[in-house]
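1. Provided below for reference: sequence and predicted model.
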Amino acid sequence: TWKKLHIGVDEATGEMVAVTVTDNSVADHEELPRLLDQIDEPRRLSPLR
């Protein structure tokens, strides 16, 4: 079975600030709230390029 690694990265420092692992069937946008819950301090969000 495939797993997906979802990560949140601080664009300024390159530091990983949030991580989740899901089944392949979970859509990326569904995991965003769980990633945001892991971030303690407010950060500016940038879209993926």
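-> Cool, got the structure. Numbers count the residues shown, from 1 in each chain.
2. what's around Ala12, how many residues?
-> For Ala12, the neighbour count with other CB atoms under 10 Å is 9. Every C-beta, even on glycine, is put in place using the N, C-alpha and C of the backbone.
3. hang on, I meant His6
-> Using other CB under 10 Å, the number of residues around His6 comes to 16.
4. where does it sit: helix, strand or coil?
-> Secondary structure, DSSP: H, G, I helix; E, B strand; the rest coil: His6 is strand.
5. number of residues surrounding the residue nearest to Gln38 when sequence neighbours are not counted?
-> If the residues on either side of it in the chain are set aside, Gln38 comes closest to Ala18, at 4.0 Å by CB to CB, 6 or more residues apart in numbering. Neighbour count for Ala18, taken as other CB under 10 Å: 19.
6. would you map the strands across the chain?
-> Taking DSSP state E as the test, the strands found in the chain are 3-9, 16-23.
7. listing partners with orientation, what would you give for the first one?
-> Right, the one you point to is strand 3-9. strand 16-23 (antiparallel) (DSSP bridges).
8. from Ile39, how far off is the residue nearest to Gln38?
-> Ala18 sits 6 Å away from Ile39, going by CB to CB, to the nearest Å.
9. repeat that for Met16.
-> Taken as CB to CB, the span from Met16 to Ile39 is 11 Å.
10. which neighbours do these two share?
-> With contacts defined as CB atoms under 8 Å, 6 or more residues apart in numbering, the residues shared by Met16 and Ile39 are Gly8.
11. quick check: Glu16 touching His6?
-> You called it Glu, but residue 16 is Met. No: checked against CB atoms under 8 Å, the pair Met16 and His6 is beyond contact range at 10.7 Å.
12. Ile7 is in contact with the residue nearest to Gln38, correct?
-> Yes: Ala18 lies in contact with Ile7 (CB under 8 Å); the separation is 6.8 Å.
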